[in-house]
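Trainee: Got a predicted structure here, sequence first:
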Amino acid sequence: MTSTTSSPSRRTVLGAGSLLGVGLVAACGSPGGSKDDSGSGGDAGATATLTLGLNRSLVSLDNKLNQFDAAVTVQRAVRQALTAIGKDLKPVPVLAESFEQTTDNEWTVKLRDGIVYSDGSAVTVEDVAKAIELYQQVEGSFVAQQFPEWPTVTKIDETSFTLTTQTPVVVLDSLMSNILITPAAANKAEELQDGVGTGPYVVSKSESGTGSYTLEINDNYWGDDKPTIPTVEVRFMPEESSRVVALRSGDVDVIDSVTADSVAQLKSVKDVEIDEVDGTRYNQLFYNFRKPAGHPLANPEVRRALGYAVDHDSIVTGIMGDSVTSATGVVPGTLEGAVEVGEFTYDPEKCKSELARLGVTNLALTIIWENGEFAGDASTMEALVEMFKAVGVTATLKQFEPGGDIGTWRRGEAGDWDILGNGYGNQTGLALTTIQGMYGGTPEKEATRDSYHGFVFPEIAAKISQASATSDEQARNGLLADVQQEVWDTWPLLWAFVPKALLARRSRVSGIDLKPINSYDITSVKLG
């Protein structure tokens, strides 16, 4: 399988040979092995089962609404897309045999011969068209925000079709890696907890309320590389301490989202390994841009002044143990097209003097976040309260449990807030994707509450659209560089940081090749 670019204005993704990059799923391990004096080990008879402890609840097995990294990788054990993002952050074909840009506004796609769902039914062009239609219809879709324009499907024959847009979308092959395919008759404009897919596993049991799933091998899996692990158990474990204890004891095999203190502890445990790579996720403390004119946070100078209150170096070192880096731009520097446009500065005296100059007194802020948004989130928020107190600002914390109603708060439909602790995963490797999703808000999107927390600057959105339609990579990246500086100058962020993609696993689990997008191919995983 290869990915090539035939010319500056035409992109082609071709498939051949073994299905490398197919079936990206979450980090999974398996209870088993023998006990040792460090606390690792487990039931030696449980070698056929892999158990994954997630820090956030997996509420669905498609990604129309939920796209935190570990969820996406589990979802893709069951459902697949036309393309996937490989180790080098380039698109590779999965359900598509070829995915070629044939004109500026058109891509021609051919489905692989013989691909079937777990029930034995064939994947059809109509399934692709229905998936694209339904991803557009859900409210608050993470994926929908990343598309500058939705393509229209035109069927050529039973296995071929075109994707057409009014203006060029030159990275459509990468964007389509996020559209997971389901039989049209069973698909819905909502999160799917069960149903059939084309992936290497099927759902044999699900309890979306508790975030627990059991996956078993898909006997009709069409790929050349078959999974060797019969059963995957997925558990929701919100408390980091519980995940660490469970990994040490052998109750789970792989855990995610652990702080540096836990990593240091686990490195001393026999039969536990740590995998980490520079990631593509962007964690941020984002301002609420739905404030009325006259509110202090509607003033970019106030937003900038508040940033001086944040001692981010102490958070990075003291809470996160240098497992993250402060951002120097509005997207992670690991992404293609990302540039450095500024830096966060800690200067509490300047914060106080600037707020005084701007006439801001007795400012009270509400900070909201969902538990498990990132490692050390609660400690970070508590530290912010003290940092704000030092500059005369009162901060109140409001924490939401996973599966709660934070989505309606983020959309401005349930209550007011000032700063949101959030994470934005990137599954394409392109700066353009994160820029489009976070900063491409328009008045039309805001009318349906589908902008990113009310960030609406039409002139910025127009330049993002221009970049997405620019075939020449150098010219496109030049436009994106300008946009990133303009976004930074609006001061949308109190602070932002980029974490490493990190997994802790039992050493009997091998074959994990963790990608920057925090996923890997489960079919290559072995148990020792």
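Mentor: That came in fine, so what should we check first? Just so it is clear, the model here is predicted, and its values are computed rather than measured. Residues are numbered from 1 along each chain as shown.
Trainee: quick one: the strands in the stretch 401-528 of the chain?
Mentor: Per DSSP state E, counting those that start in this stretch, the stretch 401-528 of the chain carries strands over the ranges 419-424, 493-506, 509-510, 520-521, 526-527.
Trainee: Residue 107 is nearest to which of those?
Mentor: strand 520-521 (25.0 Å; C-beta to C-beta). To be clear about C-beta, it is placed using only N, CA and C from the backbone, and glycine gets the same treatment.
Trainee: where's the closest residue in space to residue 49 that isn't next to it in sequence relative to residue 527, distance?
Mentor: Setting aside the residues directly before and after it, residue 49 is nearest to residue 231 in space (C-beta to C-beta, 6 or more residues apart in numbering), at 4.5 Å. Residue 231 is 11 Å from residue 527, where distance means C-beta to C-beta, to the nearest Å.
Trainee: Could you tell me which residues touch both of the two?
Mentor: By the contact definition C-beta atoms under 8 Å, 6 or more residues apart in numbering, residue 231 and residue 527 are jointly contacted by residue 50.
Trainee: residue nearest the centroid of the protein?
Mentor: Central residue of the chain (C-alpha atoms, centre = their mean): residue 425, 2.6 Å from the mean position.
Trainee: pull the CA atoms of the lengthiest helix in the chain into PDB?
Mentor: Assignment by DSSP state H gives helix 473-489 as the longest helix of the chain. These are the backbone C-alpha positions of helix 473-489, laid out as PDB (Å, rounded to 0.1, in the frame of the first residue of the first chain):
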ATOM      1  CA  GLU A 473       1.300  22.900  -1.100                       C
ATOM      2  CA  GLN A 474       3.800  25.700  -0.700                       C
ATOM      3  CA  ALA A 475       1.100  28.400  -1.400                       C
ATOM      4  CA  ARG A 476      -1.400  26.600   0.900                       C
ATOM      5  CA  ASN A 477       1.100  26.500   3.800                       C
ATOM      6  CA  GLY A 478       1.800  30.200   3.200                       C
ATOM      7  CA  LEU A 479      -1.900  31.000   3.600                       C
ATOM      8  CA  LEU A 480      -2.100  28.800   6.700                       C
ATOM      9  CA  ALA A 481       0.900  30.600   8.200                       C
ATOM     10  CA  ASP A 482      -0.900  33.900   7.800                       C
ATOM     11  CA  VAL A 483      -4.100  32.500   9.300                       C
ATOM     12  CA  GLN A 484      -2.300  31.100  12.300                       C
ATOM     13  CA  GLN A 485      -0.800  34.500  13.100                       C
ATOM     14  CA  GLU A 486      -4.200  36.200  12.700                       C
ATOM     15  CA  VAL A 487      -5.800  33.600  15.000                       C
ATOM     16  CA  TRP A 488      -3.100  34.000  17.600                       C
ATOM     17  CA  ASP A 489      -3.600  37.800  17.600                       C
END
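Trainee: What is the neighbour count of residue 80?
Mentor: Using other C-beta atoms under 10 Å, residue 80 is surrounded by 25 other residues.
Trainee: In this structure it contacts residue 94, no?
Mentor: Yes: in this structure, residue 80 is within contact of residue 94 by C-beta atoms under 8 Å, at 5.1 Å.
Trainee: any weak-confidence spans in the chain?
Mentor: Within the chain, the segments meeting pLDDT under 70 span 1-11, 13-47, 66-67, 403.
Trainee: how far away is the residue nearest to residue 49 from residue 247?
Mentor: Counting by C-beta to C-beta - residue 231 and residue 247 are separated by 18 Å.
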